[in-house]
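Undergrad: give me coordinates for this.
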Amino acid sequence: MRKALTSATLVLAIVLLWGAVPGAKAAEQLSIEAFYGNFQGSGIARTDASDYFGLTLRDFDVTIRPEGSGISISWTTVLRQGGDPDNPDVRRKSNSLTFVPSDLPGVYRATTSGDALAGQPLAWAYVDGYTLTVHSLVVLDGGGYVMQTYHRTLSDMGMALEFISIKNGETARRVEGRLTKRIN
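TA: Numbers count the residues shown, from 1 in each chain. Next up is the predicted model:
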């Protein structure tokens, strides 16, 4: 009887811990400092044309570091698309934004944010749980808009990247990738 009770107690403890750990982790709020470092990896991009022309492979390099009272996020994307499938055309895109604390707790505004109605990007960032999110909004001529969102989610395996570009309410591009931390 005692052996059965001990086994039942052990099983109950494992079930409770197994169920509690993901919930506890999801509720945890990371600080912005948890995202500092250099991350490298790869992923794929999807568009409406992907069904006909295939997916686009991409390599990523992301550096997040302190900058004054805020943070700097720099990233480079290497795109391999078009041309010969065995030797695709290669393009590099790089960008960098510096964010400073805003008047809203936990929300950072890009130092380069301008007047969205004048075609200048309005960008802001915040941390929610394990995810650092950056939004960038541009209002187009004629009143349309493009909203780009980067979700960078930390895990034991590194960082998951999700990029979504929405133009006038329609998803124009979605990129998903995995990155590993190289340098603190």
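
Undergrad: from here on, just use CA atoms for contacts and neighbour counts.
TA: Fine.

Undergrad: tell me which other helices or strands the one helix or strand residue 98 maps to touches.
TA: If you go by DSSP states H and E, residue 98 is part of strand 87-101. Other elements packing on strand 87-101 under the criterion 3 or more CA pairs under 8 Å, 6 or more residues apart in numbering; DSSP states H and E are strand 70-84, strand 107-110.

Undergrad: neighbours of residue 94, how many?
TA: Residue 94: 12 surrounding residues under other CA atoms under 10 Å.

Undergrad: the lowest-mean-pLDDT helix or strand in the chain: what's the following helix or strand?
TA: One helix or strand of the chain scores below all others by mean pLDDT, DSSP states H and E: helix 2-27, with a mean of 39. Sequence-wise, the next helix or strand downstream of helix 2-27 (DSSP H and E) is strand 37-46.

Undergrad: for that following strand, which outside residues touch it?
TA: The contact list for strand 37-46 (CA atoms under 8 Å, 6 or more residues apart in numbering) reads 55-65, 158-159, 173-184.

Undergrad: mind checking which of those residues are buried?
TA: For those, a burial check counting by 16 or more other CA atoms under 10 Å picks out 55-65, 158-159, 173-181.

Undergrad: follow-up on the earlier one: mean pLDDT for the helices and strands packed on strand 87-101 - can I get that in JSON lines?
TA: Listed next are the helices and strands packed on strand 87-101 as JSON lines, based on pLDDT from 0 to 100:
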{"stretch": "strand 70-84", "mean pLDDT": "88"}
{"stretch": "strand 107-110", "mean pLDDT": "96"}
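
Undergrad: which of the buried ones among the contacts of strand 37-46 fall in strands?
TA: 56-65, 158-159, 173-181 (DSSP state E).

Undergrad: let me see the domain layout of the protein.
TA: 1-28, 31-183 (automatic domain parsing).

Undergrad: okay, now the nearest residue to residue 101 once chain neighbours are set aside: neighbour count?
TA: The spatially closest residue to residue 101, leaving aside those adjacent along the chain, is residue 108, at 4.4 Å (CA to CA, 6 or more residues apart in numbering). Neighbour count of residue 108, defined by other CA under 10 Å: 21.
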